[in-house]
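Asker: Just need the structure, nothing else, for what follows:
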Amino acid sequence: MTGGRGKGIVSGTWISDTAEEVEHPTIPIGINEMAIPRAAILLSLATVALLIGSTIVVGYSVYKFSKENEDAFKVTDIDLIKDDNDRWLWEVDLLFDTCAPRLDDWDWPEVLADQDDEFLYPGELRCDWEHQGQGDRASVVIYNRANQPLDLVLEIIGGSVVFADEGDADLTLDSIDANGTLIVEIELTDDVTEHDITVEASHLRVPDAEVVLDIHIFEGTEQREIHATDGDPLEVHYRVWNADTGELLDEGDLPVNAGDDSNYIKGFGWSAIGLDIDEDRGLIPTLDTGTTHVTLLPPPIAYGNSEGHELEDAWLRFELKLEVASI
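Answerer: Take a look at the predicted model:
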């Protein structure tokens, strides 16, 4: 084109060095700095509000569900774990023959074998534990008297004693078989002269359902350095009586693995827990440093599972003396 300055082909928008180019207006610096932060703040507030609202809705739903089903859960659990006389369907015992009514609110049976089929004892127990030094052990027995498995939580109140396997004062027992028995080992962690503890056995899902065992611990006259524990091979001298008639049934020497020993009735191996001896371990003929104690075995840990056995219903009293503790 002629006759003056004409317009040529329009340059690309990314070119900005011509005088005729229309400049975009400058964005005010105040808006430039604040637009993004304000948007972020508004977005954050909206997110927080949404989270709070969701939490309230979920929390209310859980609360409503729990309230609607609370009575049903409680009734089901309690019906299954309580008898008609308002007693929880498990018992807790210390294996030593040193127990009595816990609150003196029931009488010790004149004939133990005459107890009804549901419970072994008429009520809760308190027992004595004569210890032979720090590290001494004892056996706590839990009897499930219900016709269904039980999940229980055990807790030792009072200090200085723990569950030996866990090294702790709390222990969860998963699914004790219907009409079954479980034995756990407890350990004295301090050298005490006299001390009282309580073992509480409560239902896992119904914490108010609780059976209590009180244990009075005191120092014996024969302090020993080695304490029999689960799995230790021992040689013991034993005597066993019918606890009701006083008849001596048997006497002799036997090897036994303290704790769980399938070669004998359940209570025999666990009766060996808590026996003690000095460093000689009974291997020096001129020394006799092994201790003696007496345990009481109800039928579930004696011959109660041996149908037709002449001692099927008998309670047994064992006196055990530790002769040799193998290295």
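
Asker: what's the neighbour count on Phe119?
Answerer: Using other Cβ atoms under 10 Å, Phe119 is surrounded by 16 other residues. Just so you know, the C-beta spots here come from the backbone N, C-alpha and C atoms, and that holds for glycine as well.

Asker: What residues does the spatially closest residue to Asp170 that is not a sequence neighbour make contact with?
Answerer: Spatially, and ignoring its direct neighbours in sequence, Asp170 is nearest to Glu155 (5.3 Å; Cβ to Cβ, 6 or more residues apart in numbering). By Cβ atoms under 8 Å, 6 or more residues apart in numbering, the residues touching Glu155 are Ala169, Asp170, Leu171, Val199, Glu200, Ser202.

Asker: Tell me how many other residues crowd the first one.
Answerer: Burial of Ala169 is recorded as 19 neighbouring residues (other Cβ under 10 Å).

Asker: per-residue confidence at it?
Answerer: Looking at Ala169, its pLDDT is 98.

Asker: measure it to Asn144 for me?
Answerer: Distance of Ala169 to Asn144, given as Cβ to Cβ, to the nearest Å: 22 Å.

Asker: quick one: the helices in this structure?
Answerer: Applying DSSP state H to the chain gives helices spanning 29-81, 266-271.

Asker: I'd like the average pLDDT over the last one.
Answerer: Think helix 266-271. Mean per-residue pLDDT for helix 266-271: 97.

Asker: so what secondary structure elements neighbour it?
Answerer: On a contact count with 3 or more Cβ pairs under 8 Å, 6 or more residues apart in numbering; DSSP states H and E, helix 266-271 meets strand 137-144, strand 181-188, strand 248-257, strand 292-297, strand 316-325.

Asker: quick one: the third one to strand 316-325, angle?
Answerer: This points to strand 248-257. Angular relation of strand 248-257 and strand 316-325 on a 0 to 180 degree scale: 40 degrees, by axes from the mean of the first three to the mean of the last three Cα atoms, to 10 degrees.

Asker: And the second one, by the same measure?
Answerer: On the basis of the same axes, to 10 degrees, strand 181-188 is oriented at 50 degrees to strand 316-325.

Asker: Over to the first one?
Answerer: Going by the same axes, to 10 degrees, strand 137-144 is angled at 150 degrees with respect to strand 316-325.

Asker: 759 is where my numbering starts, stick with that
Answerer: Let's use 759 as the start, then, which means that last one is strand 895-902.

Asker: got the angle between strand 895-902 and strand 1050-1055?
Answerer: 0 degrees.

Asker: Can I get the contacts of Glu913 in a markdown table including distance to Glu1065?
Answerer: Formatted as a markdown table, the contacts of Glu913 follow (distance: Cβ to Cβ, whole Å):
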| residue | distance to Glu1065 |
| --- | --- |
| Ala927 | 39 |
| Asp928 | 37 |
| Leu929 | 32 |
| Val957 | 32 |
| Glu958 | 34 |
| Ser960 | 33 |
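
Asker: so which of those is the most crowded?
Answerer: Ranking those using other Cβ under 10 Å puts Val957 first, with 27 neighbours.

Asker: Name the nearest residue to it, sequence neighbours excluded.
Answerer: Closest to Val957 by Cβ to Cβ, 6+ apart is Leu971, at 4.3 Å.

Asker: Of the contacts of Glu913, which is the nearest to Ile1035?
Answerer: Val957 (26.5 Å; Cβ to Cβ).

Asker: Domain map for the chain?
Answerer: 794-837, 848-1083 (automatic domain parsing).

Asker: most packed of those domains?
Answerer: Scoring those by mean neighbour count under mean count of other Cβ atoms under 10 Å gives domain 848-1083 as the most buried, with a mean of 18.

Asker: now the end-to-end length of it.
Answerer: 34 Å (Cα to Cα, to the nearest Å).

Asker: same thing with stretch 1068-1082?
Answerer: OK, stretch 1068-1082 end separation, Cα to Cα: 31 Å.
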